[in-house]
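A.B. asks: next come a sequence and a model predicted from it.
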Amino acid sequence: MLFSKFELDEEIAALRRRVEQEQQLSEEQIRNVREELRSEILNSPEYQNSLMEIERLHSQIASNERRREKAEEAEQGQTQRVEKLQDENEKLKARIRELEEADKLKEKEKSDSEEKENDIALLKQTIAKLQEENNELHAKCERNKSADEAVSWLMNSLLYTHDSNHFEVDFEF
């Protein structure tokens, strides 16, 4: 069986066409099998359950993202409130310091006032003692003056008596 070159070329071409057809059939069968598998998979309860699970997970992700956003907003609000409270706290601390300084000043003024009152009381006591001493000295002075007058009167009397006695004595000689 000897074939001519032409026959061989035709047979090769026919075989190639047949291989191509088989390949097309195989590809078509693969597509059909793929479609059937796809249809089976899409209609299978496991796939439906997986789809529902995926949908549930997406919903949960969205819910978690919303909660995270709310938590972030709340945290930002909390941070702002904390900052505001810290500012207010600093202002209150400054006000407290001012009030404490004012209290210290009032205490000092009160202490100074008490010292002045004590000084005034001491001065009043000293004045009272000095007035009492002055009155005593004045009374003593009056007594001394009276005594001086009495002594002076006695002296004058004695001098007069002495002069009278002396005069009489001169007369007798």
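C.D. replies: Thanks, I have it. Numbering: from 1, shown residues only.
A.B. asks: so where is this structure shaky, pLDDT-wise?
C.D. replies: By pLDDT under 70, the weakly predicted segments of the chain are 1-3, 162-173.
A.B. asks: can we see that at 80?
C.D. replies: Within the chain, the stretches with pLDDT under 80 are 1-3, 25-26, 158-173.
A.B. asks: would you map the helices across it?
C.D. replies: Using DSSP state H, the helices found in the chain span residues 5-43, 45-172.
A.B. asks: next, the angle from the first one to helix 45-172.
C.D. replies: Okay, so that is helix 5-43. Orientation check (axes from the mean of the first three to the mean of the last three Cα atoms, to 10 degrees): helix 5-43 against helix 45-172 gives 50 degrees.
A.B. asks: distance from helix 5-43 to the middle of the chain?
C.D. replies: 83 Å (Cα atoms, centre = their mean, to the nearest Å).
A.B. asks: could I get the buried residue list for it?
C.D. replies: Buried residues in helix 5-43, counting neighbours by 16 or more other Cβ atoms under 10 Å, are absent. Quick note: C-beta positions are derived from backbone N, CA and C, even for glycine.
A.B. asks: neighbours of residue 144, how many?
C.D. replies: By other Cβ atoms under 10 Å, the residues close to residue 144 number 12.
A.B. asks: any idea how far it is from residue 155?
C.D. replies: Going from residue 144 to residue 155 by Cβ to Cβ, to the nearest Å gives 15 Å.
A.B. asks: over to residue 117?
C.D. replies: 54 Å.
A.B. asks: kindly report the same for residue 121.
C.D. replies: Counting by Cβ to Cβ, the separation of residue 121 from residue 155 is 49 Å.
A.B. asks: same question for residue 108.
C.D. replies: To residue 155, residue 108 is 66 Å away according to Cβ to Cβ.
A.B. asks: for the residue most central in space within the chain, give me its contacts.
C.D. replies: Most central in the chain under Cα atoms, centre = their mean is residue 89, positioned 2.8 Å from the mean C-alpha point. By Cβ atoms under 8 Å, 6 or more residues apart in numbering, no residues touch residue 89.
A.B. asks: and for residue 130?
C.D. replies: Shown in contact with residue 130 (Cβ under 8 Å, 6+ apart): no residues.
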